[in-house]
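S.K.: sequence-free structure coming up:
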């Protein structure tokens, strides 16, 4: 937990983390594999404080020991949700697969929740594989990457008819939390394939059955995201990528945070570090101390963000979605 200066404990759920392998030995398509991790690293280096900036060599292939230390020892995190990103067009073993992450559940019991993934372009074979993985790992959620390349295909949409059997399977098996990368592009993928508007279709169709956590709040399409989320009570704002702007561009962070607070509200916002994109410790500390600028309050009509709201965003909202027990003191 995060211990505040006043001695109170704050329960922390890092709702969007990765354990990846982007080492040169894993590069299948050298040009795009190297370009992908270099783009990740640019986000990391440009938005992190100097004292929390890694070398590129460290960044390509973090160890699980370092991850656990960064999250649970110095990072204040109580529970972290592992989110897969396959990219098997670029990496021999994949960039960040269910199989790569699964052993962490046994090695570090009680620390992690493992989410699955699916890609409707895999058809019946993919549906059967996803069903088997749900049985094996008891997923509570899935991470979807609609811009992932597959042969000549440069992406897919949540509203594609081929996706419906996968969503229906999620409903059937209780995979209720669907995390969506809807926001910044990572080279060489295209920004248009991360467009947020298809969220509106599935959120309506599965309104009472699935939760859609829109990671990165659709940036740079924040307005589209907010208009959708305000209509759909099962759409949540995932603050991964948004969070580090608290350091690098604090006024921009204030603008985004205030928009989401005004439209969506504190009960449907979920904090995340996007580790290893950024370390959680400094992000949590800065957010707990954060106050919206008076100019933003005057423009939006919002009240100042409260400690109660911060507790919800930092952990309680995610704990509710994932049925994580919260100590009474938090």
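M.R.: Yes, it's here. Because the structure is a prediction, the values reported are computed rather than measured. Numbers count the residues shown, from 1 in each chain.
S.K.: residues near residue 151, how many?
M.R.: 7 (other Cβ atoms under 10 Å). (Each C-beta comes from the backbone N, C-alpha and C, glycine too.)
S.K.: what sits against it?
M.R.: Residue 151 is in contact with residue 89, counting by Cβ atoms under 8 Å, 6 or more residues apart in numbering.
S.K.: Show the subsequent helix or strand relative to the host helix or strand of residue 68.
M.R.: Residue 68 is located in helix 64-68, with elements delineated by DSSP states H and E. Next helix or strand after helix 64-68 toward the C-terminus (DSSP H and E): strand 79-82.
S.K.: What strands line up against that following strand, and which way round?
M.R.: Strand pairing for strand 79-82, determined by DSSP bridges: strand 13-17 (parallel), strand 112-114 (parallel).
S.K.: tell me the mean pLDDT for the longest one?
M.R.: So the one you mean is strand 13-17. What strand 13-17 shows for mean pLDDT is 98.
S.K.: Tell me which stretches of the stretch 1-150 of the chain form strands.
M.R.: If DSSP state E, counting those that start in this stretch is used as the criterion, the strands of the stretch 1-150 of the chain fall at 2-3, 9-10, 13-17, 79-82, 112-114, 141-144.
S.K.: So which residues make contact with the fourth one?
M.R.: Read that as strand 79-82. 12-19, 71-72, 101, 104, 111-115, 141, 272, 275, 315, 318-319, 322, 324.
S.K.: do the same with the fifth one
M.R.: Contacting residues not belonging to strand 112-114 are listed as 79-82, 98, 101-102, 104-105, 137, 139-141, 322, 324 [Cβ under 8 Å, 6+ apart].
S.K.: hang on, the earlier thing: roughly how far is the helix holding residue 68 from the heart of the chain?
M.R.: Computed by Cα atoms, centre = their mean, to the nearest Å, the chain-centroid distance of helix 64-68 equals 18 Å.
S.K.: what's near enough to touch residue 111?
M.R.: 68, 71, 72, 79, 80, 104.
S.K.: now it: how far from residue 251?
M.R.: Distance from residue 111 to residue 251, counting by Cβ to Cβ, to the nearest Å: 35 Å.
S.K.: neighbours around residue 169, how many?
M.R.: 17.
S.K.: check contacts around it.
M.R.: 127, 130, 131, 134, 175.
S.K.: one step back: and the contacts of strand 112-114, which are buried?
M.R.: Listed as buried from these are 79-82, 98, 101-102, 104, 137, 139-141, 322, 324; burial here means 16 or more other Cβ atoms under 10 Å.
S.K.: Just the buried residues of stretch 210-222, please?
M.R.: By neighbour count with 16+ other Cβ under 10 Å, stretch 210-222 contains the buried residues 210, 211, 212, 213, 214, 215, 216, 217, 218, 219, 221, 222.
S.K.: Relative to residue 80, how far out is residue 237?
M.R.: Look at residue 237 and residue 80: by Cβ to Cβ, they are 19 Å apart.
S.K.: rewinding a little: buried subset of the contacts of residue 169?
M.R.: Among the contacts of residue 169, those classed as buried by 16+ other Cβ under 10 Å are 127, 130, 134, 175.
S.K.: Need the phi and psi values for the residue nearest to the first one when sequence neighbours are not counted.
M.R.: Meaning residue 127. Closest residue to residue 127 apart from its sequence neighbours, by Cβ to Cβ, 6 or more residues apart in numbering: residue 165 at 5.6 Å. Note on residue 165: backbone dihedrals following degrees, to the nearest 10 are phi -60, psi -30.
S.K.: in which helix or strand would I find the residue located most distally from the centre of the chain?
M.R.: Taking Cα atoms, centre = their mean, the residue of the chain most remote from its mean C-alpha position is residue 298, at 30.6 Å. Using DSSP H and E, residue 298 sits within helix 294-300.
S.K.: Need the contact partners of that helix.
M.R.: By Cβ under 8 Å, 6+ apart, helix 294-300 touches 254, 255, 258, 262, 302, 303, 304.
S.K.: hmm, try it at 10 Å
M.R.: Helix 294-300 is contacted by residues 251, 254-255, 257-259, 261-262, 291-293, 302-305 when judged by Cβ atoms under 10 Å, 6 or more residues apart in numbering.
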